[in-house]
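[1] got a predicted structure plus its sequence, pasted below:
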Amino acid sequence: MADSSTRTGKIPATIITGFLGAGKTTLIRHLIENAGGRRIALIINEFGDVGVDGEILKDCGVESCGEDDIIELANGCICCTVADDFLPTIQALLDRDVPPDHIVIETSGLALPKPLVQAFNWPEVRTRVTVDGVVTLVDADAVAQGRFAHDETALTAQRAADDMLDHDSPLEELFEDQLHCADMVVLTKADLVAPEALERVRSELTEHTRPGVHFMQAENGNIPVNTLLGLGIGVENEIDARHSHHDSEEGDHDHDDFDSCVVEIGSIASAELLAERIAALAKAEEVYRVKGFVAVQGRDMRLLLQAVGPRVNSHYDRPWKEGEARAGRLVVIGASGFDRAAAARILTGG
């Protein structure tokens, strides 16, 4: 498939969105490690003030995507700060002596994709860059368990099983808006779901996608790069036709139901101990996500972890660098007003 830049003369940009814990960073790491020589620039928007995703991706060691090609925007939700942060960043990339072949944008789990796409119609950039496609990642295992579904029965059952989920929270609308804007939906963690349940997930999600949207499955972010890049859609030209729950609203959408904090943590005795602490935190506070890295005593490699509620996925991603402080940093994302001090105390064992 020809890259959209060869057809329009514009640099293509792919927006990768998805809810908390859907696996965006894992997918992007696979993408840049298998880019086939493309010069890729990354714009990463994290919720909170910790650059965990950026640090993970900068450690890939891929020559065509160096540290200068990974730009982190941590001053707020990318869809609410387009004029202040996003547009100047795009312009700086376009003005480079050697501009990138492709721009990949990882939104936070709280971002609405539609306002971000609309920014590509600004006069400063519209003739030079185009939205190649919007890719939405969905945690198939979570959906199979009733999270972010319209079915009242499923929501009630999930509420009873998981104290973290607030029936009246805006999570469901955010989830649906990301599906409404998608050109491709990637189902992650599908290997954890029985075939008949996975088919129900597809059917449920199709109710919130436009006709012709493709569904794909990915395990550990492993998906052919050419299926993600080079869609050539030019989403900014048709964005008004993509429905959003926030179409009638003026100004920024509300993030007041979410909060985050950063927990600095020393070395821990074992990965199992940290998993126990995260499970205790999920039980004690309304926390949606924990992500970051830690040092484990007796191990020369850094432990990278991602947790959704009490469920923790972790692996040793690289050796500690010479002179690097062997200390951990975790970002905690939860409902507004969750006890930050309690979160730090639980995670550090204090």
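    In hand now; what should we look at? Source: prediction; values computed, not measured.
[2] how close does Gly133 get to Gly230?
    Counting by CB to CB, to the nearest Å, the gap from Gly133 to Gly230 is 9 Å. Glycine gets a C-beta too; all of them are placed from N, C-alpha and C.
[3] between the two, who's got more neighbours?
    Using other CB atoms under 10 Å as the criterion, Gly133 and Gly230 rank with Gly133 on top: 23 against 20.
[4] quick one: strands adjacent to the helix or strand encompassing that one?
    Gly133 is part of strand 129-139, with elements assigned from DSSP states H and E. The pairing partners recorded for strand 129-139 under DSSP bridges are strand 11-18 (parallel), strand 184-188 (parallel).
[5] most tightly surrounded among these?
    Comparing those by mean neighbour count (mean count of other CB atoms under 10 Å), strand 11-18 comes out on top with a mean of 26.
[6] could I get the average pLDDT for that strand?
    Here the mean pLDDT over strand 11-18 is 93, rounded to a whole number.
[7] ok, back up a step: of all the strands paired with strand 129-139, which one is nearest Ser244?
    Relative to Ser244, the nearest member of the strands paired with strand 129-139 by CB to CB is strand 11-18, separated by 12.5 Å.
[8] show me what secondary structure element comes after the closest one.
    With secondary structure assigned by DSSP H and E, strand 11-18 is succeeded by helix 24-33.
[9] export the strands paired with strand 129-139 to TSV and tack on distance to Glu172?
    Conversion of those to TSV gives the following (distance: least, CB to CB, whole Å):
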stretch	distance to Glu172
strand 11-18	15
strand 184-188	16
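[10] go through these and name the closest to Val225.
    In this view, the strands paired with strand 129-139 are compared for proximity to Val225 by CB to CB, and strand 11-18 is the closest at 10.5 Å.
[11] between helix 24-33 and that closest one, find me the angle.
    150 degrees (axes from the mean of the first three to the mean of the last three CA atoms, to 10 degrees).
[12] Lys24 versus Ala218, what's the distance?
    The separation that Ala218 has from Lys24, given CB to CB, amounts to 11 Å.
[13] Asp68: what secondary structure?
    helix (DSSP: H, G, I helix; E, B strand; the rest coil).
[14] surely Gly328 touches Val262?
    No. In this structure, Gly328 sits apart from Val262 without contact. The criterion is CB atoms under 8 Å, and the distance is 10.7 Å.
[15] neighbour count for the two, which is higher?
    When Gly328 is set against Val262 and neighbours are counted by other CB under 10 Å, the residue ahead is Gly328, at 22 against 15.
[16] phi, psi of that one?
    Backbone torsions of Gly328, given as degrees, to the nearest 10, read phi -110, psi 160.
[17] residues contacting it?
    When contacts are counted by CB atoms under 8 Å, 6 or more residues apart in numbering, Gly328 is found next to 264-268, 292-295, 303.
[18] for these, which one is nearest Leu179?
    When those are compared for distance to Leu179 (CB to CB), Gly292 wins out at 27.7 Å.
[19] go through the strands paired with strand 129-139 and name the closest to Asn121.
    When the strands paired with strand 129-139 are compared (using CB to CB), the closest one is strand 11-18, at 12.7 Å.
[20] how about low-confidence regions in the protein?
    Within the chain, the set of residues satisfying pLDDT under 70 comprises 1-8, 20, 46-67, 69, 73-85, 147-171, 221, 246-258.
[21] so where do the helices sit in it?
    4-8, 24-33, 52-58, 87-94, 113-118, 140-144, 152-161, 171-180, 195-206, 225-228, 271-284, 340-348 (DSSP state H).
[22] among those, which is nearest Leu187?
    The stretch from the helices of the chain with the least distance to Leu187 (CB to CB) is helix 140-144; that distance is 4.2 Å.
[23] so what touches that closest one?
    21, 148-149, 187-190, 192-193, 197-198, 200-201, 204-205, 217, 308.
[24] contact partners for the nearest residue to Met216 once chain neighbours are set aside?
    Distances taken as CB to CB, 6 or more residues apart in numbering put Val186 closest to Met216, at 5.2 Å, once the chain neighbours are dropped. With contacts defined as CB under 8 Å, 6+ apart, the neighbours of Val186 are 18, 27, 135-138, 215-218, 223.
[25] how does it look with 6 Å?
    Neighbouring residues of Val186 by CB atoms under 6 Å, 6 or more residues apart in numbering: 137, 216, 218.
[26] swap in Arg340?
    Arg340 sits in contact with Cys261, where contact means CB under 6 Å, 6+ apart.
[27] give me the distance between it and His214.
    Relative to His214, Arg340 is positioned 41 Å away (CB to CB).
[28] cool, Ala144 as well?
    Counting by CB to CB, the gap from Ala144 to His214 is 20 Å.
[29] more crowded one of those two?
    Here Ala144 and His214 are compared on neighbour count by other CB under 10 Å; more neighbours surround Ala144, at 21 against 14.
[30] that one and Ala280: what is the separation?
    Separation of Ala144 from Ala280 (CB to CB) stands at 25 Å.
[31] just Val193 next, same as before
    Counting by CB to CB - Val193 and Ala280 are separated by 27 Å.
[32] who has more neighbours out of those two?
    When neighbours are counted by other CB under 10 Å, Val193 and Ala280 differ, and Val193 comes out ahead with 21 against 14.
[33] please produce a PyMOL select command covering the buried subset of the contacts of helix 140-144.
    A single PyMOL command is used to select the members of the contacts of helix 140-144 judged buried by 16 or more other CB atoms under 10 Å:
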select buried, resi 21+148+149+187+188+189+190+192+193+197+198+201+204+205+217+308
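[34] got a list of what Ile15 touches?
    Each residue near Ile15 by CB under 6 Å, 6+ apart is listed here: 105, 113, 134.
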